[in-house]
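Visitor: this one's structure only:
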């Protein structure tokens, strides 16, 4: 996604004038490899009706994405928050324990504290687009285009994650070092 010159200029000014806007990083598909794990367990692509066929501690068992540590070493110096979707209630034990398992996963793989991890319903990610104190835009890194579109529509900046190297390149264009 390309941003117009004025939007990027305004965002760079905010990066220089204030402490950096909060980076919100998704987990599944960015840091945690949900697809490889579920494909292996199910023997097919994951669909919504497959939740009951997955282990209760699914989100704790995931492996990191192959380039997750590359991305994390770049963004961790900016004190990011993890903004991760959890399954809707009613999806069995997985939905009941997903938030805790995702927090345990981040501690295990990245030594990141639970206080900086926000498990929410997917539809609520857009609520984090602007800083609640001063209204400046926050930044979302997410592999799901729909989340990025909704975040931008609410006044935030979003990078569609396709790989660590591409995301880092986009973050540098925005002004992160």
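Guide: Nice, thanks for sending it over. What you see is a predicted model, and the numbers here were worked out from it, not measured in a lab.

Visitor: ok, the residue nearest the centre of the chain to residue 171 distance?
Guide: Note on the chain: the residue nearest the mean C-alpha position is residue 26, at 0.9 Å, using CA atoms, centre = their mean. The spacing between residue 26 and residue 171, counted by CB to CB, to the nearest Å, is 14 Å. Glycine gets a C-beta too; all of them are placed from N, C-alpha and C.

Visitor: helix or strand with the lowest mean pLDDT in the protein?
Guide: Counting by mean pLDDT, DSSP states H and E, the chain has its least confident helix or strand at helix 5-17, which shows a mean of 59.

Visitor: what is the subsequent helix or strand relative to that one?
Guide: Later in the chain than helix 5-17, the nearest helix or strand by DSSP states H and E is strand 23-25.

Visitor: what pairs with that following strand, parallel or antiparallel?
Guide: With DSSP bridges as the test, strand 23-25 is paired with strand 81-85 (parallel), strand 139-142 (parallel).

Visitor: contacts for stretch 24-36, please.
Guide: Stretch 24-36 has contacts (CB atoms under 8 Å, 6 or more residues apart in numbering) with 46, 59, 62-66, 68, 71-72, 75, 80-85, 102, 105-106, 109-110, 118, 125, 128, 138-144, 147, 161, 167.

Visitor: how about the longest helix seen in the chain: buried residues?
Guide: Counting residues, the longest helix in the chain under DSSP state H turns out to be helix 93-110. Neighbour counts over helix 93-110 (16 or more other CB atoms under 10 Å) mark 94, 97, 98, 99, 101, 102, 103, 104, 105, 106, 109, 110 as buried.

Visitor: list the contacts of the third one.
Guide: Taking CB under 8 Å, 6+ apart as the contact definition, residue 98 lies against 58, 59, 86, 87, 119.
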